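Visitor: from the sequence below, what's the structure:
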Amino acid sequence: MKTPIRKMGNSHGVIIPKPLLVEIGVKANDQVDLKVEDGKIVIAPIGQDPRSAWAQECKALREAGEDGLAWPEFGNEDDKKQAW
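Guide: Below you'll find the model as predicted:
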C-alpha cells in the first residue's frame with residue numbers, strides 16, 4: 001500500500017487506514033510506541049496495564065454490594081481485626 005507523507009502544521013504524517021489499525025489492535029486515540037528499526041518506522045500498540053481499571057471495578061463492586069468475600073468460610077482468624 002502506498003500513501004503520501006503529508007504536511008501537518010510544523011510536522012508531517014500519514015493517514016493509516018482502519019484495516020491496518022485493526023490488524024495491530026489499536027483504534028483512534030490509543031497510545032502507540034513509535035520507533036525506527038533498520039531504517040523503518042515501526043508503530044506498535046502499547047500494552048495496557050492489566051491493573052489499570054482495578055480501582056474503578058472495585059468501586060463498582062462495592063457500590064453494588066458485591067464486595068464481600070467469595071468464600072467467607074475460608075477467612076483468616078485475624079480478618080476482623082484488620083483496619084483499612
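Visitor: kindly list the main-chain dihedrals of the residue most central in space within the chain?
Guide: The chain has Gln48 as the residue nearest its centroid, 2.9 Å off, counting by Cα atoms, centre = their mean. Main-chain torsions, Gln48, degrees, to the nearest 10: phi -80, psi 140.
Visitor: what's the biggest helix in the protein, counting residues?
Guide: helix 54-63 (DSSP state H).
Visitor: next one: that one to chain centre, how far?
Guide: Relative to the mean C-alpha coordinate of its chain, helix 54-63 is positioned 17 Å out (Cα atoms, centre = their mean, to the nearest Å).
Visitor: list the buried residues for that helix?
Guide: Buried positions in helix 54-63, judged by neighbour count with 16 or more other Cβ atoms under 10 Å: none. C-beta coordinates here come from the backbone N, C-alpha and C atoms, glycine included.
Visitor: so what touches that helix?
Guide: Under the contact criterion Cβ atoms under 8 Å, 6 or more residues apart in numbering, helix 54-63 has outside partners Asp67.
Visitor: any idea of the mean pLDDT for that helix?
Guide: What helix 54-63 shows for mean pLDDT is 90.
Visitor: could you dump that helix to CSV, C-alpha only?
Guide: C-alpha atoms of helix 54-63 as CSV (Å, rounded to 0.1, in the frame of the first residue of the first chain):
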residue,chain,number,x,y,z
TRP,A,54,-9.0,-2.3,39.1
ALA,A,55,-9.8,0.7,41.2
GLN,A,56,-12.8,1.6,39.1
GLU,A,57,-14.0,-2.0,39.0
CYS,A,58,-13.6,-2.4,42.8
LYS,A,59,-15.6,0.7,43.4
ALA,A,60,-18.4,-0.5,41.2
LEU,A,61,-18.5,-3.8,43.0
ARG,A,62,-18.6,-2.0,46.4
GLU,A,63,-21.4,0.2,45.2
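Visitor: perfect, that will be all.
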